[in-house]
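K.L.:
Dropping the sequence and predicted coords here.
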Amino acid sequence: MMVDIQHLTKFFGPVLAVSDVSLRIEANEIVGLLGNNGAGKSTLMRMLTTYLPATSGRIMVDGFDVLTQSQDVRRRIGYLPESIPLYPEMRVEEYLRFRAQLKGLQRSQVRSRIDSVLGRCRLMDVRRRLCGTLSKGFRQRVGLADALLADPALLILDEPTDGLDPGQKQEALALLRDLGREHTILFSSHLLGEVETLVSRVVILRRGHLALDKRIEELREEANRERTLRFEVRGEAKAVEAALNACATVDAVKSIAYSQLPDGWTQGELRLPGAMDPREELVRRMSTAGVGLRHIEFHRPSLQDRWNEINNRDVATLRQKTTA
């Protein structure tokens, strides 16, 4: 067990930032931490990295208590904060050497580790540049290089791709994928697409509460079970349902959700169990029934759908679901 969080709560005065969160992260997992602004992501990360004390609850990192064994915890963590505190008057290589000394690296290791992280983070060409002259994307890379310097077991990365252009984001995601073979990674992001393609687990916070904690495979299995058939038609609902009921590959239709489209067509949505695929037969029968059909597709709930569902819940409902 790399991280064990039990009943973690944090108040800032009267404001509740994190509420009774329990979470476990195994070694070499890549976990995506999601949530709206103010959901408690950065607060949770700062408590994990010993920057903030918890109001109540306990955090263990690699068997060490964050509150009572903070130095041991820090030796095992590489942290990329949301705002990277670079010294603008230092050159990139100079800054990393300074950070290596603060992290207690042996003198004989410093040069090889700096060269290694400069190469991994694609910073060789700017190693002599002043940090104050770097773009936001390069500042992010320097922050990641700093986090990797001591080769920590756990990487905690707050918005690691923020400020990168599309090409740089792809490089950063490939690097994180590679790092996940050797390190446990917890990172926050607002970009659901990149999280879905990278992580092994998804954690979503909603107003400080733990709203979702599932492996990505579980979410995909649920999506397959909850898939729906969406189609756009022009014709009477009775004719549409008669065509559906006539399909040998469709059980008796009990309910279809309809919504009117702006151009006069109607969108229908039908939930289908298992691997059933009635599209070919349905197209044929709708044509025979004189129903106009211009579009038909399967829809599986995405991470975006989960996100929308969670963020549409009120806090009372969320509390009931997370404590059930």
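P.N.:
Thanks, I have it.

K.L.:
how many neighbours does Asp65 have?
P.N.:
Burial measure for Asp65: 14 neighbouring residues, criterion other CB atoms under 10 Å. In this view, the C-beta of every residue, glycine as well, is placed from N, C-alpha and C.

K.L.:
try Glu29
P.N.:
Per other CB under 10 Å, the neighbour tally for Glu29 reads 18.

K.L.:
Can you give me every residue that contacts it?
P.N.:
2, 180, 184-185, 200-201 (CB atoms under 8 Å, 6 or more residues apart in numbering).

K.L.:
Need the residues you listed in a markdown table (columns: distance to Leu80, pLDDT and neighbour count).
P.N.:
A markdown table is the format used below for the contacts of Glu29 (distance: CB to CB, whole Å; pLDDT from 0 to 100; neighbours: other CB atoms under 10 Å):
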| residue | distance to Leu80 | pLDDT | neighbour count |
| --- | --- | --- | --- |
| Met2 | 17 | 91 | 21 |
| Gly180 | 15 | 90 | 18 |
| Thr184 | 14 | 95 | 24 |
| Ile185 | 10 | 96 | 25 |
| Ser200 | 19 | 92 | 16 |
| Arg201 | 19 | 94 | 21 |
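
K.L.:
closest to Asn245 among those?
P.N.:
Distance to Asn245, by CB to CB, is smallest for Arg201 among the contacts of Glu29, at 41.3 Å.

K.L.:
gap between Leu303 and Arg220?
P.N.:
Noted for Leu303: a distance of 10 Å to Arg220, by CB to CB, to the nearest Å.

K.L.:
Give me the subset of the contacts of Glu29 lying in helices.
P.N.:
Among those, no residue falls in helices (DSSP state H).

K.L.:
Among those residues, name the ones in strands.
P.N.:
184-185, 201 (DSSP state E).

K.L.:
From the residues you listed, pick the one nearest Leu282.
P.N.:
Proximity of those to Leu282 (CB to CB) peaks at Arg201, which lies at 37.0 Å.

K.L.:
Mind listing the residues bridging to the closest one?
P.N.:
The partner list for Arg201 in beta bridges (DSSP bridges) reads Val31, Arg215.

K.L.:
can you pull the pLDDT of Asn37?
P.N.:
The model reports Asn37 with a pLDDT of 86.
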